[in-house]
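>>> Model the structure of this input:
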Amino acid sequence: MGRVGGTPVSPADRADAFMTTELLSRPPNQLLASLPAADYRRLLPNFKTIPLPLKHVLQKPGEPLQRVYFPGGGVICIMHVMTDGQTVEMAAVGNEGLVGISACLGGGLQVAEALVQIPNGSAQALDLDVFQREMDRRGAFRDVIHRYGQAYLASLMQSVACNALHPVEERLARWLLLAHDRMGRQDFRMTQEVLAGMLGVRRSTITLAFNALRRAGLIDHVSKKIVIKNRAGLEMAACECYATVKGHFARLLS
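As a prediction, the model looks like this:
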């Protein structure tokens with residue numbers, strides 16, 4: 001145990017102090033990082049650090065919205081769950097956004113499940129009352145959240161069209177590119193079974209699409225990880241939705 005000014009300091013206290021210093025100097029979430037320093041410092045004491053392990057459920061459908069989460073890494077998938085247990089991904093969130101966008105509409109009950117599909121780092125959580133109080137200030141925080149909400153809505157609309165019109169192989173390429181953008185590295189753990197659930201297709205369909213991309217030399221599967229081998233080629237294999245959604249986020253959140 002160390003000492004500060006003659007007072008014992010536990011390892012846990014030192015870790016908390018280090019975390020606070022790190023978050024203050026460079027928050028990993030891009031929305032928080034875009035805030036003016038004064039606004040971010042005012043909010044900092046209200047954040048709770050939440051780990052993001054694989055398969056961790058941040059929000060469940062039908063439950064009251066209690067917190068808003070700002071991921072610092074990984075990929076959280078917003079899933080719609082049917083009564084027979086089938087699922088399909090509606091959106092994915094990484095360090096570019098937040099989980100709990102319905103808080104902008106007054107909260108209420110969750111309509112989708114927020115599930116960690118690719119773990120990496122942690123999230124900063126704000127209790128709903130703190131989030132709404134900050135929105136009511138009508139300052140920089142509200143502006144950033146509203147612009148993110150516009151980009152998020154545009155991505156949802158694009159996703160609906162994509163799922164209805166584009167082949168699975170193109171949709172798979174698009175999803176892998178989005179994951180690659182958020183993870184910032186060439187490989188990440190992801191099973192074909194999970195990909196099938198997120199894209200709303202059979203496992204055999206995903207296997208065919210995955211093998212086609214692998215034969216083209218765009219991706220590989222090594223040690224239970226998906227490896228991006230040819231980023232430029234994968235962009236060419238993806239549908240137009242990848243570039244369209246990326247353009248929305250760049251325009252609204254640059």
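>>> distance of the residue lying closest to residue 104 once chain neighbours are set aside from residue 181?
Closest residue to residue 104 apart from its sequence neighbours, by C-beta to C-beta, 6 or more residues apart in numbering: residue 149 at 5.4 Å. Any C-beta I mention is one placed from the backbone N, CA and C, and that applies to glycine too. Separation of residue 149 from residue 181 (C-beta to C-beta, to the nearest Å) stands at 20 Å.
>>> Might one say that the residue nearest to residue 104 is in contact with residue 102?
No. Between residue 149 and residue 102 there is no contact under C-beta atoms under 8 Å: 9.8 Å.
>>> what's near enough to touch residue 225?
Applying C-beta atoms under 8 Å, 6 or more residues apart in numbering to residue 225 gives the contacts 187-190.
>>> If we use 10 Å, what do you get?
If a contact means C-beta atoms under 10 Å, 6 or more residues apart in numbering, then residue 225 has 186-190 as its contacts.
>>> Likewise for residue 115?
54-60, 75-79, 81, 87, 89, 194, 197-198.
>>> Any regions of the protein where pLDDT drops low?
1-25, 107 (pLDDT under 70).
>>> How is it partitioned into domains?
If you go by automatic domain parsing, the domain ranges for the chain are 28-162, 167-238.
>>> could those go into a markdown table alongside distance to residue 254?
A markdown table is the format used below for these (distance: least, C-beta to C-beta, whole Å):
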| stretch | distance to residue 254 |
| --- | --- |
| domain 28-162 | 9 |
| domain 167-238 | 15 |
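>>> what's the closest of those to residue 249?
Closest to residue 249 of the domains of the chain, according to C-beta to C-beta: domain 28-162, at 4.7 Å.
>>> So what would you say the end-to-end distance of that closest one is?
Using C-alpha to C-alpha, to the nearest Å, the span of domain 28-162 from its first residue to its last is 30 Å.
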